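Undergrad: I'd like to go over a predicted model; first the sequence, then the structure.
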Amino acid sequence: MNATVPETFGWYEDDTGETVTVRAATPDDYDAVAAFTADTWADRGGSDYIPDIYHDWIADDDGETRQTFVVDVGAETPSAELGAIVQVVTLSPYEAWGQGLRVNPDYRGRGLAKAITEASFAFARDAGATVLRNMIFSWNVRSLGLARDTGYDPGIEFRWVHPTPDAGATAESDADVPVFTGDANPDAAWSFWTNSEARTRLSGLVLDFEESWAVSELTRDRLRAAADEGRLLVAGAGPTRGFAARSRTYERESDGETETWAEYAVGAWAWRDDDAADALLAAVARDAAAVGADRTRVLIPEGVRWVTDAARAKADIAEEPTFVMEADLT
């Protein structure tokens, strides 16, 4: 199996009375992990991302700010008999993120998710985090129940919206709401955010600017960095009526072709201000086109007002919301 003995993070008694080991994942675990994650989304016509990013995860593990764990159920450790996997990443001095929790179907019902989650909680605490969050699609009922059973509480819900990149995009409404880009004021965006209904609905969380598919608290410094790099869009002047911040662009394969996505950490506009939503999402479409994106993804608060504002702006909208769960580690 492995040439060296990986670090052990705990021994746990599963629900059958057997002792299992939570240890660091290694490159040699790839085949075993790929085997039990290959069909994760088979019933929805998709494939799991973990086999694709597994080696990147392991290469980035440092044992202090990020760690990939596996549950080894073999009689001797390390073995190729793996029952679960998860990765934990610190996003800030007090926030940690859990991602990619999977349980091998051959070992379900033995409490392995609880064992690996307890180890991830301990790791996050040792790293200084006071909260550990994860993201679960709202349709994934099994994972939602598992999260509650293993110590997570309900957090926030949000919706993805997808304005089509278009260099000539204009707002659907006749209202003249200016949107500032190159000269966007990050302090104006921050002042708007701190008193906005959008921030309240999202508990201050947006897509993380470094870790993909993770959320963390928005800070003034992150907005200033976005403005410095031309990634901040601010709607309205006297008063500010909303903003969006592009967090990253990335490439993804789709039907054998490579698509470029522009991802926006948040799209936030004033409550009951659908004209601001209209102007802001049109500006997102222009911004995405300017960076060569084929598709977009914008996080907005979940709720009938927010979703219908986006619908009025003619943006494509995800069919279902996404949930964020969180565990208090204090």
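TA: Looks like it came in fine.

Undergrad: For residue 309, give me phi and psi.
TA: phi -60, psi -40 (degrees, to the nearest 10).

Undergrad: for the one 3 residues further on, same thing?
TA: Backbone torsions for residue 312, taken as degrees, to the nearest 10, come to phi -60, psi -30.

Undergrad: what separates it from residue 289, distance-wise?
TA: 21 Å (Cβ to Cβ, to the nearest Å). Every residue, glycine included, has its C-beta placed from N, CA and C.

Undergrad: ok, these two, which is more surrounded?
TA: Neighbour count, other Cβ atoms under 10 Å: between residue 312 and residue 289, residue 289 has more, with 19 against 15.

Undergrad: residue ranges with poor pLDDT in the stretch 151-300 of the chain?
TA: Residues of the stretch 151-300 of the chain meeting the criterion pLDDT under 70: none.

Undergrad: show me where it has strands.
TA: 153-162, 179-180, 205-207, 215-217, 232-235, 242-254, 257-269, 295-301 (DSSP state E, counting those that start in this stretch).

Undergrad: Compare those strands and give me the one nearest residue 329.
TA: Residue 329 sits nearest to strand 153-162 of all the strands of the stretch 151-300 of the chain, at 11.7 Å, using Cβ to Cβ.

Undergrad: Quick check: buried residues in that closest one?
TA: 155, 156, 157, 158, 159, 160, 161, 162 (16 or more other Cβ atoms under 10 Å).

Undergrad: Let me have those in a markdown table, adding distance to residue 89 as columns.
TA: Below are those laid out as a markdown table (distance: Cβ to Cβ, whole Å):
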| residue | distance to residue 89 |
| --- | --- |
| 155 | 17 |
| 156 | 19 |
| 157 | 22 |
| 158 | 19 |
| 159 | 24 |
| 160 | 21 |
| 161 | 26 |
| 162 | 26 |
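
Undergrad: Among those residues, which one lies nearest to residue 274?
TA: residue 161 (13.4 Å).

Undergrad: What's opposite that closest one in the beta bridge?
TA: Counting by DSSP bridges, residue 161 is bridged to residue 298, residue 317.

Undergrad: can you tell me how far it sits from residue 323?
TA: 17 Å.

Undergrad: The protein: helices as residue ranges?
TA: 30-37, 50-60, 112-126, 141-149, 186-194, 197-202, 220-228, 274-290, 304-312 (DSSP state H).

Undergrad: for the last one, what is the average pLDDT?
TA: For helix 304-312, the mean pLDDT works out to 97.
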